[in-house]
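Student: everything below, folded, please.
(one chain, ligands or ions: 1)
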Amino acid sequence: MSFVNYEQKDFVGVITIDREKALNALNPEVLADLEAVVDAIDADKTRCVVITGAGQKAFVAGADIGAMSTMTPDEGRAFSAKGNAVFRKIEKLPMPVIAAVNGFALGGGCELSLSCDIRIAADNAVFGQPEAGLGITPGFGGTQRLARTIGVGKAKEMIYAARNIKAEEALRVGLVNAVYPAEQMLEEAMKLAERIAGNAPIAVRQCKKAINMGLQMDIDSAVAFEPELFAACCGTADQKNAMTAFCEKRKHEPFIN
Ligand code: HXC
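Tutor: Residues are numbered from 1 along each chain as shown. I've put the predicted structure just below:
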């Protein structure tokens, strides 16, 4: 039995963390299942991925506190490194990934959402890094990605104070892109995924690469990198077809070539 389900809906892959009785908390088995699912994504037919949690209450309520409660420093280091490696794989998937946050996204759950490109939240979503209240630091990338996403001051406040924020505040501080009524949220996240999947897949992937890699460079290197990705797009049949179709006032169906 796997704690993580995968469903392919046309060009969109949907990953569901499914350990509902523990609010989808991430123990080593769940992390291993998530990694296996991520590794198995077929990049040829998947143009966007949506990650959500099973049930109505939680996206992921964190790393498993019971499992962490007895960890030695070596075990803690290995657990943190494993989660970071899996989340980095998600971040480095070539296609965009959307977190569809259907409730609590705490600790490792907030960190999982931060490893995605875009966060869409249900109106009952709650985000936070409660680790400082549990005697630990965030350990699946939260100290790094939260500051990069919402700014240093707000991230420090959330992490030091271990203060959870509701969906509306998450929207205000730029942690989420949009908030929808809970019963509509997944559908809206899917609509966005389908819209992304309807664009030129190679171009979208190059955009992801340009933004993510460019953010790690100084601005001179980053603007020198962008023309390389633009140039790679100019070598695709998809680009030739799309632009010729525009000029000839025809419709174009994007494809990978
Ligand atoms: C293990 C968890 C869990 C977690 C919930 N559960 N969160 N089990 N680890 N992170 C379990 C509960 O023990 C309970 O199991 C069941 O899920 C339902 O949860 P309740 O607490 O009964 O629900 P509720 O009263 O509605 O409260 C919901 C909640 C609360 C506010 C989300 O569960 C909560 O505070 N959870 C912990 C959140 C947290 O601190 N996360 C960060 C962890 S640290 P039973 O068997 O009793 O029904 C972290 C570090 C990441 O994530 C980095 C690691 C390297």
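Student: show residues contacting stretch 71-89.
Tutor: Residues outside stretch 71-89 that contact it (Cβ atoms under 8 Å, 6 or more residues apart in numbering) are 26, 28, 31, 34-35, 38-39, 63, 67-68, 108, 111-112, 115, 136, 139-141. The C-beta positions use only the backbone N, C-alpha and C, and glycine is treated the same way.
Student: swap the cut-off to 7 Å and go again
Tutor: The contact list for stretch 71-89 (Cβ atoms under 7 Å, 6 or more residues apart in numbering) reads 26, 28, 31, 34-35, 38, 63, 68, 108, 111-112, 115, 139-141.
Student: now a PyMOL select for only the buried ones of these.
Tutor: The buried residues among those can be selected in PyMOL (16 or more other Cβ atoms under 10 Å) with this line:
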select buried, resi 26+31+34+35+38+63+68+108+111+112+115+139+140+141
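Student: which pair in the contacts of stretch 71-89 spans the largest distance?
Tutor: Maximum pairwise distance among the contacts of stretch 71-89 (Cβ to Cβ): 22.1 Å, between 38 and 68.
Student: tell me which parts of this structure are close to the ligand?
Tutor: 22-23, 25, 61-66, 79-80, 83, 104, 106-108, 130-131, 134, 138-140 (Cβ under 6 Å from any ligand atom).
Student: show only the entries of those found in helices.
Tutor: In helices, defined here by DSSP state H, the members of the residues of the chain next to the ligand are 65-66, 79-80, 83, 108.
Student: need the buried ones from those selected in PyMOL.
Tutor: The buried residues among these can be selected in PyMOL (16+ other Cβ under 10 Å) with this line:
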select buried, resi 79+80+83+108
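Student: pLDDT for the ones in helices among the residues of the chain next to the ligand - can I get that in TSV?
Tutor: Converted to TSV, these look like this (pLDDT from 0 to 100):
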residue	pLDDT
65	98
66	98
79	98
80	98
83	98
108	98
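Student: what is the nearest of the contacts of stretch 71-89 to the ligand?
Tutor: Among the contacts of stretch 71-89, residue 139 lies closest to the ligand (Cβ to the nearest ligand atom), at 2.6 Å.
Student: ok, the closest residue to the closest one other than its chain neighbours to residue 13 distance?
Tutor: Leaving aside its chain neighbours, residue 139 sits nearest to residue 80 (3.6 Å; criterion: Cβ to Cβ, 6 or more residues apart in numbering). Separation of residue 80 from residue 13 (Cβ to Cβ, to the nearest Å) stands at 27 Å.
Student: and residue 233, what is it in contact with?
Tutor: Here residue 233 is in contact with 202-203, 206, 239 (Cβ under 7 Å, 6+ apart).
Student: and the residue nearest to the spatial centre of the chain, helix, strand or coil?
Tutor: By Cα atoms, centre = their mean, the chain has its centre lying nearest to residue 116, at 1.4 Å. With DSSP: H, G, I helix; E, B strand; the rest coil as the basis, residue 116 sits in coil.
Student: buried ones in stretch 197-204?
Tutor: For stretch 197-204, a neighbour-count test (16+ other Cβ under 10 Å) marks 197, 200-204 as buried.
Student: now swap in stretch 186-196 and tell me
Tutor: For stretch 186-196, burial by neighbour count (16+ other Cβ under 10 Å) applies to 186, 188-190, 192-194, 196.
Student: who touches that stretch?
Tutor: So stretch 186-196 is in contact with 12, 47-48, 50, 52, 96, 98, 100, 102, 120, 180, 204, going by Cβ under 7 Å, 6+ apart.
Student: greatest separation within these: which pair is it?
Tutor: Those two in those that are separated most widely, counting by Cβ to Cβ, are 102 and 204, at 24.7 Å.
Student: confirm residue 157 sits in a helix?
Tutor: Yes: counting by three-state DSSP, residue 157 is part of a helix.
Student: which SS class is the closest residue to it other than its chain neighbours?
Tutor: Nearest residue to residue 157, sequence neighbours excluded (Cβ to Cβ, 6+ apart): residue 163, at 7.0 Å. Residue 163 falls in the coil class when you classify it by three-state DSSP.
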